[in-house]
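S.K.: test case, fold it:
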Amino acid sequence: MINSIKRCVLLSCIAGLAFASQNALASATDQTYNLTILHTNDHHGRFWPNRNGEYGMAARAALIQGIRDEVADNGGHTLLLSGGDINTGVPESDLQDAEPDFKGMNYMSYDAMALGNHEFDNPISVLRQQHDWARFPFLSANILNKDTGMPLFKSHEMFNLDGLKVAVVGFTTQDTVRIGNPEFLGGLEIQSPVEVAKKIVPELAANSDLVIAVTHMGHYRFGQSGGNAPGDVTLANAVDGLDVIVGGHSQTATFSPDVQNDTLIIQAKEWGKYVGRLDLQVRNGEISVINYQLIPVNLKKKVVIDGEKVRVFVDKEIVADETLKAMLEPYQNKGQEQLMQVIGNADEVFVGAREQVRTSETNLGNLIALAQMARVQADLGIMNSGGIRDDMPAGDITYKDVLKVQPFANAVAYVDLTGAELMPYLEVAANKESGSGAFAQFAGVEITMNGKSIISATVAGKIVEPNKTYRLAINAYMASGGDGYPRLSDHANFVNSGFVDAEVLKDYISSRSPLKAAEFAAKGDVARN
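M.R.: Numbering: from 1, shown residues only. Below is the predicted model of the structure:
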């Protein structure tokens, strides 16, 4: 186990240093073992590149194979790990139970993945089908089958890399109980990852040269998880014997590893935008960190060339693996066809036209805010009108119609605020300029204004109380300060649900059709004196 540095946060403090390992077995004396850990997390259905040609599994595969070849040529080994949440993100994947994603991972030869909370968005039968597709283990030591008391799949996997013994153990956020679908969790027991780790890690450390935790718990700075369940920092500080934590869930980009209790914590943002690469060297019980980097997968930035904004690669372009691209293309095409299937119907048009939704409360604005409230069990919801891009037609509604309304794949988020915190936020929202994309659509709240000042607000018909807690549903764009809204993503009680707005709206429409527009009609959420 790495035990020579404390809280070194810059890569320059880490690379090139050597650390004694408490886990070292009698691996060959004076033999040098080179290990490269490659990692991704929070894939969320992004098997295909986005409309700007960014990320996608075929480009990721080409990058990974190039690194593997380089490492092998230098006598080293690689492990490719995922921090989980393969499921839930884009309809082309969701409609096919993430089959293209798991088969793409097979092609890339993933060695193991942590079970993420979104693996439980579907019935267990779907998860078992995904497990059958996968040619790599699903790991979680703390998700148990209630009937047997054993892990649902596997707790850990052992790798022997030419004599170097590496244990990879999985852990899943305990928040799965809170944010998962209760219908699909009935036969499961989700224990504290920290308490389970205290029992299992010492045994693994005693029989391994290196212990890696692949987790879906989140990276929360200084262990301040707030409204989230404890994450990787808490795990590292509570449990000795972990050399590396390869994480997920919070979708954090650790451009430099976080070091806690002599444990390296790393995470690679989301969606396969980056592949993380950690190069280690082990010799005579010492672990040397040679290099760490997050490698962008065809990410682009906007620059001005000859007076025009254009997108250019932030790093060199990665040419997609043509075999994998050809394998995934039929899934993409099939997904596009499935988007035309009817998901519900409405008796009138739901209004999302720019000139109306950005100037007044509309039935579609109410529908979207209510759908997001329902998904995260919130008391009230706010939707920025700039995220609503089209009308939703009367009559039959397809998934494609929903994607025209919400095309940006924003995640639905929520934050628990006291009334004292909520009131100034509502005042900012209520004052967003008419005609702008920031103009707010509300649900679950009624506001009274005097000029630009808020006089009162009611939630569920009751006056907002300063010391009472209220759950606010918004999208991640607004939470991060988009459209000039107060930033909430740093709030201790902020949670990114990971559910994509269009998918949330689709499910809400499906469960409530036929939609009656009168039930969502504007009723004057903001009254001005």
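
S.K.: what are the ranges of the helices in the stretch 401-529 of the chain?
M.R.: Here the stretch 401-529 of the chain has its helices, by DSSP state H, counting those that start in this stretch, at 419-430, 476-479, 501-512.

S.K.: reformat these as JSON lines; add mean pLDDT and distance to residue 248.
M.R.: The way it works is simple: take the backbone N, C-alpha and C, and place the C-beta from them, glycine included. Compiled in JSON lines, the helices of the stretch 401-529 of the chain are given as follows (pLDDT from 0 to 100; distance: least, CB to CB, whole Å):
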{"stretch": "helix 419-430", "mean pLDDT": "98", "distance to residue 248": "29"}
{"stretch": "helix 476-479", "mean pLDDT": "92", "distance to residue 248": "16"}
{"stretch": "helix 501-512", "mean pLDDT": "96", "distance to residue 248": "19"}
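
S.K.: buried deepest among those, which one?
M.R.: Of all those, helix 476-479 has the most neighbours on average by mean count of other CB atoms under 10 Å, namely a mean of 23.

S.K.: quick one: low-confidence residue ranges for the protein.
M.R.: For the chain, the stretches with pLDDT under 70 are 1-28.

S.K.: ok, and the closest non-adjacent residue to residue 442?
M.R.: Leaving aside its sequence neighbours, residue 442 sits nearest to residue 525 (CB to CB, 6 or more residues apart in numbering; 4.1 Å).

S.K.: go on, residue 177?
M.R.: Spatial nearest neighbour of residue 177, chain neighbours left out: residue 190 (5.1 Å); criterion: CB to CB, 6+ apart.

S.K.: check the secondary structure at residue 122 for me.
M.R.: Each residue gets one of three states, and residue 122 gets coil by DSSP: H, G, I helix; E, B strand; the rest coil.

S.K.: that one contacts residue 87, doesn't it?
M.R.: Yes: with contact defined as CB atoms under 8 Å, residue 122 counts as touching residue 87 (6.7 Å).

S.K.: compare neighbour counts for these two and give me the winner.
M.R.: residue 87 (25 against 18; other CB atoms under 10 Å).

S.K.: ok, that one - contacts?
M.R.: 44-45, 93-94, 98, 101, 116, 118-119, 121-122, 130 (CB atoms under 8 Å, 6 or more residues apart in numbering).

S.K.: okay, now residue 452: neighbour count?
M.R.: By other CB under 10 Å, the residues close to residue 452 number 10.

S.K.: count of neighbours near the nearest residue to it once chain neighbours are set aside?
M.R.: Of all residues not flanking residue 452 in the chain, residue 431 sits nearest, at 5.3 Å (CB to CB, 6+ apart). The burial count assigned to residue 431 is 15, neighbours taken as other CB under 10 Å.

S.K.: look up how far residue 334 lies from residue 431.
M.R.: Distance of residue 431 to residue 334, computed by CB to CB, to the nearest Å: 46 Å.

S.K.: closest one to residue 413 among the helices of the stretch 401-529 of the chain?
M.R.: helix 476-479 (4.8 Å; CB to CB).

S.K.: other SSEs contacting the closest one?
M.R.: Identification of packing neighbours for helix 476-479 by 3 or more CB pairs under 8 Å, 6 or more residues apart in numbering; DSSP states H and E yields strand 380-384, strand 411-418, strand 494-500.

S.K.: of those strands, flag the one that's most buried.
M.R.: When those are compared using mean count of other CB under 10 Å, strand 380-384 is most buried, at a mean of 27.

S.K.: which neighbouring elements make contact with it?
M.R.: By 3+ CB pairs under 8 Å, 6+ apart, strand 380-384 packs against helix 363-376, strand 440-443, strand 469-475, helix 476-479.

S.K.: quick one: it to helix 501-512, angle?
M.R.: Using axes from the mean of the first three to the mean of the last three CA atoms, to 10 degrees, the direction of strand 380-384 lies 130 degrees away from that of helix 501-512.

S.K.: how far does strand 380-384 sit from its chain's centre?
M.R.: 21 Å (CA atoms, centre = their mean, to the nearest Å).

S.K.: next, the angle strand 411-418 makes with it.
M.R.: Put simply, strand 380-384 runs at 130 degrees to strand 411-418, going by the same axes, to 10 degrees.

S.K.: just to revisit the earlier point, out of the helices of the stretch 401-529 of the chain, nearest to residue 181?
M.R.: For residue 181, the closest of the helices of the stretch 401-529 of the chain is helix 501-512, at 10.8 Å, according to CB to CB.

S.K.: neighbouring contacts of that closest one?
M.R.: Residues outside helix 501-512 that contact it (CB under 8 Å, 6+ apart) are 88-89, 91, 94, 343-344, 367-368, 370-372, 374-375, 387, 397, 399, 402-403, 405-412, 475, 515.

S.K.: show residues contacting stretch 480-499.
M.R.: 42, 44, 85, 88-89, 117-118, 175, 179, 224, 226-228, 250-251, 375-376, 384, 386, 411-417, 424-425, 428-429, 432, 436-438, 472, 474, 476-479.

S.K.: quick check: phi and psi at the nearest residue to residue 120 once chain neighbours are set aside.
M.R.: Nearest residue to residue 120, sequence neighbours excluded (CB to CB, 6+ apart): residue 180, at 4.5 Å. The phi/psi pair for residue 180 (degrees, to the nearest 10) reads phi -80, psi 170.

S.K.: residue 180 and residue 502, how far apart?
M.R.: Distance of residue 180 to residue 502, computed by CB to CB: 20 Å.

S.K.: over to residue 272. Which of the three states is it?
M.R.: When the rule is three-state DSSP, residue 272 gets the label coil.

S.K.: before we move on, the earlier item: are any of the contacts of helix 501-512 buried, and which?
M.R.: Neighbour-count burial (16 or more other CB atoms under 10 Å) is assigned, among the contacts of helix 501-512, to 88-89, 91, 94, 343-344, 367-368, 370-372, 374-375, 387, 397, 399, 402-403, 405-406, 409-412, 475, 515.
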